[in-house]
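# build me a model:
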Amino acid sequence: MEGTIFTPSLEGMKHCKSEEGEMLTKPFLDVCKLVLPVLDKFGAAMALVKTDIGGNISRLETKYNSNPTEFKLLYSMVKVEVEAKTAKGSSSCTNGLLWLTRAMDFLVELFLNLVSHPDWTMTQACTESYGKTLKKWHGWLASSSFTVAMKIAPNRAKFMEVVGGTGDVNADMEAFCSTFSPLLQENHKFLISVGLDDLKAS
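As a prediction, this is how the structure comes out:
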């Protein structure tokens with residue numbers, strides 16, 4: 001593997017915005033897809049997260065493919081649903097974007113923990129990140145499943161070795177977080193502006 005497992009997504013992030021600075025649907029979803037191979041390296045511990053992210057990407061991609069011109073900009077899907085008053089539905093694209101962004105928040109937090117706390121175990125890094133991001137939005141069932149899954153997180157040293165490839169894994173992880181985090185914040189800012197950033201899991 002040339003570079004680290006993060007190299008392709010770092011490249012992809014350069015194309016997420018239009019020249020006018022607006023978030024583009026396909027490039028953003030492509031970056032999220034490039035994160036999935038990282039989750040594979042966690043094995044069963046991240047199976048739930050991976051399924052969730054994959055499902056939300058597919059939902060948004062299906063909408064985008066139905067009219068690539070109309071939905072070229074990521075937030076256009078949400079605006080259409082807000083006008084149609086369908087944004088709060090559990091199968092809406094708004095819901096998909098919100099949960100996709102939250103799952104990515106969790107991963108950014110997790111990678112930051114791995115970079116900042118070399119002494120932490122993987123389970124500790126995962127649990128801490130979960131507490132800071134997804135936990136408050138999850139109901140009891142999702143929260144319990146997540147807590148159990150984190151207990152089977154892989155060995156940290158082995159994980160870092162696998163995702164590192166031929167590159168500098170800590171530098172790439174840090175770059176991933178510092179570049180992706182503002183994009184995620186922008187999603188939240190937009191969702192707050194339409195009053196849809198605080199939907200909880202049923």
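# show me where the protein has its helices.
7-13, 25-40, 47-66, 74-84, 93-116, 122-132, 140-150, 156-164, 169-193 (DSSP state H).
# and the third one with helix 122-132, angle?
With axes from the mean of the first three to the mean of the last three C-alpha atoms, to 10 degrees applied, the angle from helix 47-66 to helix 122-132 works out at 50 degrees.
# ok, the second one next?
Put simply, helix 25-40 runs at 140 degrees to helix 122-132, going by the same axes, to 10 degrees.
# hang on, the earlier thing: which one, of the helices of the chain, ends up nearest to Leu199?
helix 93-116 (6.0 Å; C-beta to C-beta). The C-beta positions use only the backbone N, C-alpha and C, and glycine is treated the same way.
# list the buried residues of the closest one.
93-115 (16 or more other C-beta atoms under 10 Å).
# I'd say Thr4 and Val169 touch.
Yes: applying C-beta atoms under 8 Å, one finds Thr4 in contact with Val169, separated by 5.1 Å.
# which residues do the two both contact?
Common neighbours of Thr4 and Val169 (criterion: C-beta atoms under 8 Å, 6 or more residues apart in numbering): Val163.
# these two: who's more crowded?
Neighbour count, other C-beta atoms under 10 Å: between Thr4 and Val169, Thr4 has more, with 24 against 21.
# least trustworthy helix or strand in this structure by mean pLDDT?
When the helices and strands of the chain are scored by mean pLDDT, DSSP states H and E, helix 140-150 comes last with a mean of 83.
# just how off-centre is it within its chain?
Mean C-alpha position of helix 140-150 versus that of the full chain (C-alpha atoms, centre = their mean, to the nearest Å) differs by 18 Å.
# and the angle from that helix to helix 122-132?
Using the same axes, to 10 degrees: helix 140-150 against helix 122-132 is 160 degrees.
# and helix 140-150, what's buried?
142-143, 146, 149-150.
# nearest to Thr121 among the residues you listed?
Met150 (10.3 Å).
# near the closest residue to the closest one other than its chain neighbours, how many other residues are there?
The shortest distance from Met150 to any non-neighbouring residue, by C-beta to C-beta, 6 or more residues apart in numbering, is to Cys126 (4.5 Å). If you count neighbours by other C-beta under 10 Å, Cys126 ends up with 26.
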